[in-house]
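>>> need a 3D model of the sequence below.
(chains A, B, C and D)
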Protein chains: 2
Amino acid sequence: MATPTSAGELLQLVRTGQATTRKALRTRSGLSRSTLTARLEQLQAAGLLAEGDQEDSTGGRPARQLRFDDQHAVVLAASIDTMHAEAALTDLSGRRLARRGGALRVADGPEPVLARIAEWFEAMLAEVGRPVCGVGVSVPGPVEPGRARVTQPPIMPGWDGYPIDGYLGARFGAPVLVDNDANLMALGEHRARYPDSAALVVVKVSTGIGAGLVIGGEVYRGVDGGAGDIGHIRLPGHPEARCLCGSVGCLAAVASGGALAARLTELGLPTTSGSGVRERIVAGEPAAVRLAESAGRQVGEVLATLVCVVNPGVLVIAGDLAEPHFVAGVREVLYRRALPRATQSLRVEIGGRGLALGGAVAMVVEAVFAPAEVDRRLAARA
Amino acid sequence: MATPTSAGELLQLVRTGQATTRKALRTRSGLSRSTLTARLEQLQAAGLLAEGDQEDSTGGRPARQLRFDDQHAVVLAASIDTMHAEAALTDLSGRRLARRGGALRVADGPEPVLARIAEWFEAMLAEVGRPVCGVGVSVPGPVEPGRARVTQPPIMPGWDGYPIDGYLGARFGAPVLVDNDANLMALGEHRARYPDSAALVVVKVSTGIGAGLVIGGEVYRGVDGGAGDIGHIRLPGHPEARCLCGSVGCLAAVASGGALAARLTELGLPTTSGSGVRERIVAGEPAAVRLAESAGRQVGEVLATLVCVVNPGVLVIAGDLAEPHFVAGVREVLYRRALPRATQSLRVEIGGRGLALGGAVAMVVEAVFAPAEVDRRLAARA
DNA sequence: TACTTATGTCTTGTCAATGGACAAAAGTCC
DNA sequence: GGACTTTTGTCCATTGACAAGACATAAGTA
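From the prediction side, this is the model:
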């Protein structure tokens, strides 16, 4: 946005907090007062913009703040994981107004899972009301770029090509956007905590392993939507590790939460899932801690290459295994294997929980309130 | 460019061959005939646009082609390699009108090297004449993003922070742009052969190893300009391989042309450089062939991760070792280690020679004829 | 109370671009 | 050769968006 001029672009500036007063908008846009007033009136009439508090005076009349009216519609977001799902109803700033969640097996196929999620959505809507402006869904598998469906997922039997947008769109009468969980975690982390980072990578290590990249502020997907899919890189020297994807020796088969659970079970410590592994590590179980550090080192080997190739400013470790022991293993190998230039200004951080939900909301809000889209809707109103 | 309207944007469409007749420009831009005519007149008056041949008739008067006037100025481009440099004088379409080249040790420092290159440039200008619109330089080391100087190069003693643009700009009175050789090879390959690829990676394997990424049509540099710097990732299990960068076990110390030359010398086959290694491989020397395949496999291990992370459409192997034996090694490991989804639509190709020069020309032409820049110059004329 | 700053609302003028109307150029088709 | 098509150029009135300025008002500080 060299010089933002359209109503949609102005709204974007307010929404992202880049300019919150009329004064700031004028200097930022170079528009004349008359034009700016007309634009803002349009936005207020459409219910997109509201007036806020006054700023502190700088000697004269204080500027009145403008804020994006984040209450005039809500977003439905769902995050589907292997054995569990979560749903939230948020306002347009991402604040959660209601949430639901529970055990839900993705392996049961799309219709039972989506039906349950739709129930949650409807219950939350009954609580809160207000019109829905969009639905965002995070899924633990590869998504065809630009389309709301999964393609050839290794762990989502029955979902291949299923029209998720058709199902939910018909029920909620709003656009439905779907993306991979790692991508949405990266988007969520970028928007929530590192909005200025030019390149950010989130690595999710739970039952599987996957990475999401945000480059130049947008999710980077690669030519086939496969970017960041590091979980099924085959490591040398692990011919015994069978992977859910049908292959052998995948990183996910060696160092994921699922793999560690199997290993712990072999050692006489029955564990079924990534979150179970996490509990054992947090409890200080020596075998679990040892395995976590070792898995961190193995993931670190792959991340060393990733960091040299992508040279991101932030590397976030998220998922069940995102805890200090695992991350220590990652850091150890990363700083040993990667170039100083790639690591000197790199921040390695532990991600929050519920990131994918936040990313799904951001995906929806940014699609629905993209400047071009807002301008189109304003034009249609008139 | 949603709807291109400015003169610069129209020129861009013509220059890149997206629209070559007035008719096509009208449908593409939505401008009225009067406006379009005015714009094109401006461009013709500035000498940027020329009329070309007629197209075949479709029943009535045939359309007259428009072409970018690629003869009204020239580009000076130089590609500096470890032991050798090349220079070319090209027209604005990249056609080479003159060239020079020869042995030139980058280790001698910036002034002797740049003085020699400037001599070549001046000799070529004396031959061809015409005004210079820009100078592009490819260097075998990291370049600070957006600035025409090298930072902390492992193999360019004396060049750290040297103002290359100052030296050459003063002599040729034109903007000077500098970038890393791998980046420019990627740009050159993209523009010359794969202009539609959304993500392309070039891996240069000569005396050193480096990769350049073109994502969304632009060189991707990462946050510190270090993206693609895979040559100094440390491989496990090579404590004996000392690298020029001062570290130990780097990929470049194990599998580069320089490393293979040293290995061949140990085996009683004296070889000094990457090009020497290439000669021995091409000559069919069994030890050289074996080493090339093995080095290809080692580079392939890193590239498997790269391909899974970036998911490019094209992977080009370039440099001295870009020949069938080495590439066979790369392919073997790549298809074994990387995900099918990342490799199924991936093309692995051998790059041409002189790619960096082409990339340097493209970098200059695109900077000088960027729409905004063209509009600025047209405004200044009036 | 005087001054400062932010904001709203007119009017007027400027400029770019559209949209016809008209005309000419350069082919094809019969 | 003559009728028809298609591309292109040119002129001009109209439109519409915006800037710029004048004036008014609101809401604070010194």
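
>>> what does the stretch 101-250 of chain A have sitting close to chain B?
Taking C-beta under 8 Å from any C-beta of the partner chain as the test, the list of the stretch 101-250 of chain A residues beside chain B reads A:142, A:152, A:197-199, A:211, A:213, A:215, A:220-230, A:232-234, A:236. (C-beta placed from N, C-alpha, C; glycine too.)

>>> quick one: the strands in chain A?
A:49-54, A:64-68, A:74-80, A:84-90, A:96-103, A:132-139, A:176-180, A:199-205, A:209-215, A:218-220, A:314-318, A:347-350 (DSSP state E).

>>> dump the ones you listed to JSON lines, plus mean pLDDT and mean neighbour count.
Shown next, in JSON lines, are the strands of chain A (pLDDT from 0 to 100; neighbours: other C-beta atoms under 10 Å in any protein chain shown):
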{"stretch": "strand A:49-54", "mean pLDDT": "82", "mean neighbour count": "14"}
{"stretch": "strand A:64-68", "mean pLDDT": "89", "mean neighbour count": "18"}
{"stretch": "strand A:74-80", "mean pLDDT": "97", "mean neighbour count": "28"}
{"stretch": "strand A:84-90", "mean pLDDT": "96", "mean neighbour count": "24"}
{"stretch": "strand A:96-103", "mean pLDDT": "95", "mean neighbour count": "14"}
{"stretch": "strand A:132-139", "mean pLDDT": "97", "mean neighbour count": "26"}
{"stretch": "strand A:176-180", "mean pLDDT": "96", "mean neighbour count": "24"}
{"stretch": "strand A:199-205", "mean pLDDT": "97", "mean neighbour count": "29"}
{"stretch": "strand A:209-215", "mean pLDDT": "97", "mean neighbour count": "27"}
{"stretch": "strand A:218-220", "mean pLDDT": "97", "mean neighbour count": "19"}
{"stretch": "strand A:314-318", "mean pLDDT": "97", "mean neighbour count": "25"}
{"stretch": "strand A:347-350", "mean pLDDT": "96", "mean neighbour count": "15"}
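
>>> which of those sits closest to DNA strand C?
Each of these has some distance to DNA strand C by C-beta to the nearest atom of the strand; the shortest is strand A:64-68, at 4.5 Å.

>>> who does the closest one touch, helix- and strand-wise?
In terms of contact count using 3 or more C-beta pairs under 8 Å, 6 or more residues apart in numbering or on different chains; DSSP states H and E, strand A:64-68 is assigned the packing partners helix A:7-15, helix A:22-29, strand A:49-54.

>>> so what's the residue positioned nearest the centre of chain A scoring on pLDDT?
Among the residues of chain A, residue A:184 comes closest to the average C-alpha position under C-alpha atoms, centre = their mean, at 2.3 Å. pLDDT for residue A:184: 98.

>>> against residue B:216, how distant is the nearest residue to residue A:257 once chain neighbours are set aside?
In space, not counting the residues next to it along the chain, residue A:257 is nearest to residue A:274; the distance is 2.3 Å by C-beta to C-beta, 6 or more residues apart in numbering or on different chains. Shown here: residue A:274 relative to residue B:216, a distance of 34 Å by C-beta to C-beta, to the nearest Å.

>>> and if you look at residue A:133?
Separation of residue A:133 from residue B:216 (C-beta to C-beta): 28 Å.

>>> residue A:220 now?
If you go by C-beta to C-beta, the gap between residue A:220 and residue B:216 works out to 9 Å.

>>> what's the closest of the helices and strands packed on strand A:64-68 to residue A:93?
Between residue A:93 and the helices and strands packed on strand A:64-68, the shortest separation by C-beta to C-beta is 8.6 Å, and it involves helix A:7-15.

>>> and DNA strand C, is the closest one touching that?
No: in this structure, helix A:7-15 remains apart from DNA strand C according to C-beta under 7 Å from any atom of the strand; the gap is never smaller than 12.0 Å.

>>> buried residues in that helix?
Neighbour-count burial for helix A:7-15, counted by 16 or more other C-beta atoms under 10 Å in any protein chain shown, picks out A:7-15.

>>> residues contacting the residue nearest to residue A:225 when sequence neighbours are not counted?
Residue nearest to residue A:225 in three dimensions, not counting chain neighbours: residue A:145, with 4.3 Å by C-beta to C-beta, 6+ apart. By C-beta atoms under 8 Å, 6 or more residues apart in numbering or on different chains, the contact set of residue A:145 is A:221, A:224-225.

>>> go again with 10 Å.
Contacts for residue A:145 were tallied using C-beta atoms under 10 Å, 6 or more residues apart in numbering or on different chains; they are A:151, A:179, A:219, A:221-227, B:198.

>>> how near is it to residue A:296?
With the distance defined as C-beta to C-beta, residue A:145 ends up 31 Å from residue A:296.

>>> residue A:272 too?
21 Å.

>>> among those two, which residue is more densely surrounded?
residue A:296 (26 against 14; other C-beta atoms under 10 Å in any protein chain shown).

>>> before we move on, the earlier item: buried ones among the residues of the stretch 101-250 of chain A next to chain B?
A residue is treated as buried here by neighbour count (16+ other C-beta under 10 Å); on that basis the buried members of these are A:142, A:197-199, A:211, A:213, A:215, A:220-230, A:232-234.

>>> now for chain A, the helix or strand with the poorest mean pLDDT.
Taking mean pLDDT, DSSP states H and E as the measure, chain A has strand A:49-54 as its least confident helix or strand, at a mean of 82.

>>> one step back: from chain B, how far out is the residue nearest to residue A:257?
As judged by C-beta to the nearest C-beta, to the nearest Å, residue A:274 and chain B stand 21 Å apart.

>>> report the contact partners of that residue.
Each residue near residue A:274 by C-beta under 10 Å, 6+ apart is listed here: A:81-83, A:205-208, A:256-261, A:319-321.

>>> restricted to helices, list those residues.
Using DSSP state H, the subset of the contacts of residue A:274 located in helices is A:257-261.
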